[in-house]
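Undergrad: coords please:
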Amino acid sequence: MAKSETRSAPFNPQTTQRGVSNQTGLATPQTPQTATALRTPKQAQQETARQLINNKHAAARELEQAAQQGPGNNIYGVSRLPWIFTTFDDVRKAGGLSGLNPNSKGSNAIFWAANPKSVSWQIGQRGSEEKNKSGTVLHVWRDRKRGTDYDDPKLTFNFQTGNIMPQAQDAASPLIPPLPTQISSGLNNFYQFLQLVDAAKISKTGQPNLIHILYRSRIFPSMVLTGFFDPNMVVQFQDDSQNPFTVTGWSATFTVYSTTPRLNNFKELTRQFEQEGFAGFR
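TA: Next up, the predicted model:
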């Protein structure tokens, strides 16, 4: 009985980035087993790091899926992914972030018809300066749990409602609210916001009922913020008789407890941008 013999194929320099060349010089697609075998230990470590970062972005991806279920199209045919404000209790009741529904009874989730006009960021550091005869001494209290010298960021949201005047039905524009008494989407968000701010601060499970925000902008394409609205300066707005069809000067201050990705991690921020890009701005 003849013995079988296995020989390795001769080296062929004709390779491509998409496959491994055979002896004829034609590229053959890599199978998952082939790709795994060709990875070096360093590449395997890099892949593991990427997976860890992807796991940290799971909350952002689930909230984005929920955003796609919410109202994103308007009468101008513009498709977008809205911001979302919600609570820990709402996420728990929905069985996950992707289960959020703006029409759920008793839900505090807000799918914004008009995203905030602007957001002002203030990020201090956990430290202070002391003057003495020898010069200046810097005292720093590092947050070991979060691994940063940054203090909790303070955000000031400036909201916009657009025209809050009820509109009669227009046969040429079926997306306009059909009843003259129907609340406009902007005013509806304003009422929802007043309810959200007053939501219970402790969940039924005994955990903090943190506010979760899906933050989408050119700077942060998909960031999840958790925290509470500042109890000392929560909601400000003006009911202006000269501008009766819009809520003017509407703002609120928010204290950020955590962000995904982390603000002090360059790799996570850049990877977020690479993964999300400008998909939400079409």
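Undergrad: separation between the nearest residue to residue 209 once chain neighbours are set aside and residue 89?
TA: Distances taken as C-beta to C-beta, 6 or more residues apart in numbering put residue 203 closest to residue 209, at 4.3 Å, once the chain neighbours are dropped. C-beta coordinates here come from the backbone N, C-alpha and C atoms, glycine included. Per C-beta to C-beta, to the nearest Å, residue 203 is found 5 Å from residue 89.
Undergrad: circling back: which residues does the residue nearest to residue 209 contact?
TA: Contacts for residue 203 (C-beta atoms under 8 Å, 6 or more residues apart in numbering) come out as 87, 88, 89, 92, 209.
Undergrad: Restricted to strands, list the residues you listed.
TA: Counting by DSSP state E, the contacts of residue 203 place residue 87 in strands.
Undergrad: give me the number of residues near the closest residue to residue 124 other than its chain neighbours?
TA: Distances taken as C-beta to C-beta, 6+ apart place residue 151 nearest to residue 124, at 4.4 Å, with adjacent residues excluded. Around residue 151 there are 16 other residues, counting by other C-beta atoms under 10 Å.
Undergrad: gap between residue 151 and residue 106?
TA: In terms of C-beta to C-beta, residue 151 sits 35 Å off from residue 106.
Undergrad: cool, and residue 82?
TA: Between residue 82 and residue 106 the computed distance is 21 Å (C-beta to C-beta).
Undergrad: Check residue 153 too.
TA: 30 Å.
Undergrad: repeat for residue 140
TA: To residue 106, residue 140 is 45 Å away according to C-beta to C-beta.
Undergrad: Helices of the stretch 151-282 of the chain, start to end?
TA: Assigned by DSSP state H, counting those that start in this stretch, the stretch 151-282 of the chain shows helices spanning 185-197, 266-276.
Undergrad: Now the weakest link among the ones you listed, please, by mean pLDDT.
TA: Mean pLDDT is lowest for helix 266-276 among those, at a mean of 86.
Undergrad: Which strands or helices does that helix pack on?
TA: helix 41-56 (3 or more C-beta pairs under 8 Å, 6 or more residues apart in numbering; DSSP states H and E).
Undergrad: go with 10 Å
TA: Secondary-structure packing of helix 266-276 (3 or more C-beta pairs under 10 Å, 6 or more residues apart in numbering; DSSP states H and E): helix 41-56, helix 58-69, strand 223-229, strand 248-260.
Undergrad: Going by mean pLDDT, which of the ones you listed comes out lowest?
TA: For those, mean pLDDT drops lowest on helix 58-69, to a mean of 50.
Undergrad: strands paired with the helix or strand hosting residue 137, and their directions?
TA: Element membership for residue 137, per DSSP states H and E: strand 135-140. Strand 135-140 has its sheet partners listed here by DSSP bridges as strand 127-132 (antiparallel).
Undergrad: State the mean pLDDT of the partner strand.
TA: When pLDDT is averaged along strand 127-132, the result is 83.
Undergrad: Grab the CA positions of that strand and hand them over as PDB.
TA: Extracted C-alpha coordinates of strand 127-132, given in PDB (Å, rounded to 0.1, in the frame of the first residue of the first chain):
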ATOM      1  CA  GLY A 127      -7.800  69.300  41.100                       C
ATOM      2  CA  SER A 128      -7.000  72.700  42.500                       C
ATOM      3  CA  GLU A 129      -4.000  75.100  42.600                       C
ATOM      4  CA  GLU A 130      -2.500  76.400  45.900                       C
ATOM      5  CA  LYS A 131      -0.200  79.400  46.000                       C
ATOM      6  CA  ASN A 132       2.700  79.400  48.400                       C
END
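Undergrad: how far away is residue 229 from residue 264?
TA: 23 Å.
Undergrad: Ignore what I typed, I meant residue 197.
TA: 28 Å.
Undergrad: Can you pull the poorly scored residue ranges out of the stretch 101-250 of the chain?
TA: Applying pLDDT under 70 to the stretch 101-250 of the chain picks out residues 167-181.
Undergrad: Could you rerun that using 80?
TA: For the stretch 101-250 of the chain, the stretches flagged by pLDDT under 80 are 101-106, 127, 138, 140-141, 143-147, 166-182, 234.
Undergrad: Give the closest residue to residue 232 in space, chain neighbours not counted.
TA: Nearest residue to residue 232, sequence neighbours excluded (C-beta to C-beta, 6+ apart): residue 253, at 8.0 Å.
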